[in-house]
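Asks: Just to be clear, the model below is a prediction. Sequence and coordinates:
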Amino acid sequence: MVSDVIDCNVVFAHDVEQVCAVLSAVELFPRFFTGLEYCVLHESASRYLCAVGGREHELALVVNRRNQPIITVEHTESGGFVRFTLTALSPTETKIDITVFRAGLGGAYSPQPAGNRAVIDWVLAGLGRLQDSLSGTPTSLVSNSGDSRSIQLAILKTMITSGVVRAARPDRAFRQLNSLAKWGFTLGGGFAAATAKSPDEIAVIDDRGTRTFAEIHHRSHRIAAGLDASGIHPGSTVGILARNHSAMIECTVACGMLGVEVVLLNTGLASRQIETIAARHQLRMVFVDDEFDSMVRYLGEDVTRVSLSSHTAIPRRRTLEHFVAPPSATFVRPDRPGAVVVLTSGTSGSPKGALRPTPRGFGTIAAMLSRMPLRTGERMLIAAPMFHSWGLAALQISTSLRATVVLQERFDAEDCLRAIEENRCTSLIAVPIMLQRILDLPEAVRSRYDTSSLRVVACSGSALSGSTVSNFMDVFGDILYNFYGSTEVSWATIATPDDLRASPGTAGRPPLGTTIAVLDAEGTAVPMGSVGRIFVGNDMLFDGYTNSEPPPTTSARGTALMDTGDLGYLDCNGRLFVSGRDDEMIISGGENVFPGPVEDAIANLPQVGEVAVVGVPDIEYGQRLAAFVVGRGAAGLDADMVRAYIKNRLSRFCVPRDITFLDELPRTATGKVIKRMLIEPPTAAGT
């Protein structure tokens, strides 16, 4: 039984003004009080929309300072409220008397209070986190790890649940484990193990036809033998410039078998950048789709070009088939498999090569599967480019699942839906702009295709806006998983559909064997809810850049942690929120402002298709925000409408003074917005 009026109190070791300030910041309450999903300003500085249990409630904030500070947060629909009355006990101590009237936002938040004690515990727990924040208590560290035995048991359980490990014929199980022992947990080892278990199952479907696991494994072995015979040996380095197709996979696997380092070249690079990368890595050979010939045409004569196109039209150009040796051909297996170098996106400068480590065991696979319900026998459409770490990771995990991978050389939103229907795909691996392009299709077009087979849509590669999250799940169901990570740290957190429904802007929680810490400049964990630098610890931190030092590392609880370069915070539910890149934060009028929340807010306008916000110099405030907007449809939208909308949702420092309307935003091949291109060259678009 819950009383209409419930009273309690607590003492903070802080002065009245500090306590009054934090209790008046209603928009920050979801970081500290469980069950609150988000709070945003609504219509005026004293009204908020607060989401609880998927439903929005209007809250009113009243701050009375006449005699003693009294802060009241009222639920306007039910008349219920929480009132904080502050009394200064000393210059450094403040007593807070709390009165709760009609608890629970009309009974909306979960879990519903079982009695007065539950209400008091909920209030005091949230206030305790607020006090920790004021005190600087280092609480922003979340670990999904444990001792070695518990981790191994958790990995085994995940492997059994997903079907990766199960009872099998002893001879096939032996061949499967023997293949992993021979080739390791590499891409080649994955195909070898899948061949030992399910040789005749379809591994890849693309525009060129189909390949079984056995066909890819044996062809890759023959290609490795052919490369060896042509003078490409362990220690050599080659480049691959290609779209998603089976030849790209076979080439990558063959080089790994041979101990050759592979540099995966981004198809969005300029020819001069490729020349620089070729010289830096001393490439001996470049495997390239014919359509990208102009990008490698001026490489030195010492770099052999090999066509990955099924029928090359370039005179005197050898194709991959030239290197497919006879079935009886062999080569000496190297001491270690060839490394894979993935290039960073280069959105803010020249791309760098990141050496991807070889997985040490099933832990790498278990980490992803612990938060995403992928299963053996998946039919997985990998739309994300496989030269990117996200697409490559999906390909790697597909072999452990013995999944049939569906590939398309070019992404087209409608073709993607058609492929899902035709192949009855159960999972889609994509980058955020792809989901946005699918949502941009007219509803009449989307409804032509049966996508009911989809169980998992996994997205990564760049920030996924809250509006895209909500819109996508409203259309396709609660099947979206947001994967936050980077080329350097591999994975960090994964947001499940439940996480995203509760907080569409969250990056989620750490998967198995992963530690997340939000640290200050001295490497100490910041309080929960406070913004700091995001550090990650797992078994797949990269081995360093090929041309410079790795990001800063530190340690916590005996775990090595690597800097992501992002800023963010952890909330009371253990969910991570990414505020933005360290170099994107601006200081406007003394206030720290991130473009991300402004982009999310503008993206909620129905007339907006895409938006990017950047910081620009300002004489008066030091810096200010500038927004670049791509309109949606024929609906009218002007700069004043955008400014008025942001003014009513965020602080005045978040209102972009400059608003430019564009036909499209400059993006990398993986869909990341290249923000430097928005402010460096002059633009003819109006404001």
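Replies: Nice, thanks for sending it over.
Asks: Tell me where the stretch 201-350 of the chain has strands.
Replies: Assignment of strands within the stretch 201-350 of the chain using DSSP state E, counting those that start in this stretch yields the ranges 202-206, 209-212, 237-241, 261-264, 285-288, 304-307, 318-319, 340-343.
Asks: if we compare these, which one ends up closest to residue 667?
Replies: strand 340-343 (15.8 Å; CB to CB). To be clear about C-beta, it is placed using only N, CA and C from the backbone, and glycine gets the same treatment.
Asks: Skipping adjacent residues, who's closest to residue 198 in space?
Replies: The shortest distance from residue 198 to any residue other than its chain neighbours is 5.1 Å, reached at residue 402 (CB to CB, 6 or more residues apart in numbering).
Asks: Tell me, how many residues neighbour the one you found?
Replies: Applying other CB atoms under 10 Å, we find 22 residues neighbouring residue 402.
Asks: again with the one 5 residues further on
Replies: As a burial measure, the neighbour count of residue 407 was computed by other CB under 10 Å and equals 23.
Asks: what's the answer for residue 450, then?
Replies: Residue 450: 12 neighbours (other CB under 10 Å).
Asks: is it fair to say it lies in a helix?
Replies: No: counting by DSSP: H, G, I helix; E, B strand; the rest coil, residue 450 is not part of a helix but coil.
Asks: deepest of the strands of the stretch 201-350 of the chain, which one?
Replies: Among these, ranked by average contacts under mean count of other CB atoms under 10 Å, first place goes to strand 285-288 (a mean of 25).
Asks: Which elements pack onto that strand?
Replies: strand 237-241, helix 293-296, strand 304-307 (3 or more CB pairs under 8 Å, 6 or more residues apart in numbering; DSSP states H and E).
Asks: Kindly recompute the last result at 6 Å.
Replies: With contacts defined as 3 or more CB pairs under 6 Å, 6 or more residues apart in numbering; DSSP states H and E, strand 285-288 has these neighbours: strand 237-241, strand 304-307.
Asks: could you dump these to CSV with distance to residue 362 and mean pLDDT?
Replies: Listed next are those as CSV, based on distance: least, CB to CB, whole Å; pLDDT from 0 to 100:
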stretch, distance to residue 362, mean pLDDT
strand 237-241, 27, 96
strand 304-307, 34, 96
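Asks: and of the ones you listed, who's closest to residue 484?
Replies: strand 237-241 (26.5 Å).
Asks: Tell me if I'm right that residue 195 and residue 216 touch.
Replies: No: Residue 195 lies out of contact with residue 216 (CB atoms under 6 Å); the separation is 7.9 Å.
Asks: residue contacts, residue 238?
Replies: 260, 262, 284-285 (CB atoms under 6 Å, 6 or more residues apart in numbering).
Asks: separation between it and residue 225?
Replies: 15 Å (CB to CB, to the nearest Å).
Asks: sorry, back to before: would you format the strands of the stretch 201-350 of the chain as TSV with distance to residue 86 included?
Replies: Below are the strands of the stretch 201-350 of the chain laid out as TSV (distance: least, CB to CB, whole Å):
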stretch	distance to residue 86
strand 202-206	65
strand 209-212	70
strand 237-241	64
strand 261-264	58
strand 285-288	68
strand 304-307	73
strand 318-319	77
strand 340-343	53
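Asks: among the ones you listed, which is nearest residue 147?
Replies: Using CB to CB, the strands of the stretch 201-350 of the chain put strand 340-343 closest to residue 147, at 31.4 Å.
Asks: so what does that closest one touch, helix or strand wise?
Replies: So strand 340-343, by 3+ CB pairs under 6 Å, 6+ apart, packs with strand 261-264, strand 353-356.
Asks: nearest residue to residue 420 other than its sequence neighbours?
Replies: For residue 420, the spatially nearest residue (CB to CB, 6+ apart) is residue 451, at 5.0 Å.
Asks: hmm, who's touching stretch 372-379?
Replies: Counting by CB under 6 Å, 6+ apart, 162-163, 401-404, 423-427, 456, 458, 481 sit against stretch 372-379.
Asks: picking that back up, confidence-wise, which of the helices and strands packed on strand 340-343 is weakest overall?
Replies: Among these, strand 353-356 carries the lowest mean pLDDT, at a mean of 69.
Asks: Quick one: mean pLDDT for the very next helix or strand once past it?
Replies: On the C-terminal side of strand 353-356, the closest following helix or strand by DSSP states H and E is helix 363-369. Mean per-residue pLDDT for helix 363-369: 84.
Asks: Extract the C-alpha set from the helix or strand following helix 363-369 and format it as PDB.
Replies: Moving toward the C-terminus from helix 363-369, the next helix or strand (DSSP H and E) is strand 379-382. Taking Å, rounded to 0.1, in the frame of the first residue of the first chain, the C-alpha atoms of strand 379-382 are listed here in PDB:
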ATOM      1  CA  ARG A 379      21.100 -16.100 -43.700                       C
ATOM      2  CA  MET A 380      23.100 -12.900 -43.200                       C
ATOM      3  CA  LEU A 381      23.000  -9.900 -45.600                       C
ATOM      4  CA  ILE A 382      26.200  -8.000 -45.100                       C
END
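Asks: Work out the sheet partners of strand 379-382 and label each with its direction, please.
Replies: strand 404-406 (parallel), strand 427-430 (parallel) (DSSP bridges).
Asks: what's the most buried one of the ones you listed?
Replies: The most buried one of the strands paired with strand 379-382 (mean count of other CB under 10 Å) is strand 427-430, showing a mean of 28.
Asks: Can you list the neighbours in contact with that strand?
Replies: Outside strand 427-430, the residues that reach it (CB under 6 Å, 6+ apart) are 378, 380-384, 394, 456-459.
Asks: of all these, which comes closest to residue 296?
Replies: Looking across these and measuring by CB to CB, the closest to residue 296 is residue 384, at 23.2 Å.
Asks: Between the helices and strands packed on strand 285-288, which one is closest to residue 625.
Replies: Using CB to CB, the helices and strands packed on strand 285-288 put strand 237-241 closest to residue 625, at 36.9 Å.
Asks: any idea how far the closest one is from the chain center?
Replies: 26 Å (CA atoms, centre = their mean, to the nearest Å).
Asks: same question, stretch 60-72
Replies: Using CA atoms, centre = their mean, the offset of stretch 60-72 from its chain centre is 41 Å.
Asks: So which bits of it are buried?
Replies: 60-61, 69-72 (16 or more other CB atoms under 10 Å).
Asks: what does stretch 141-154 give?
Replies: Buried-residue list, stretch 141-154, by 16+ other CB under 10 Å: 141-142, 144-145, 151, 154.
Asks: quick one: which of those residues sit in helices?
Replies: 151, 154 (DSSP state H).
Asks: pLDDT added to the buried residues of stretch 141-154, as a markdown table?
Replies: Formatted as a markdown table, these follow (pLDDT from 0 to 100):
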| residue | pLDDT |
| --- | --- |
| 141 | 92 |
| 142 | 90 |
| 144 | 83 |
| 145 | 79 |
| 151 | 78 |
| 154 | 82 |
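Asks: Between the buried residues of stretch 141-154, which sits nearest residue 6?
Replies: The closest of the buried residues of stretch 141-154, once distances to residue 6 are taken by CB to CB, is residue 142, at 31.2 Å.
Asks: how close does that closest one sit to residue 221?
Replies: Taking CB to CB, one finds residue 142 at 43 Å from residue 221.
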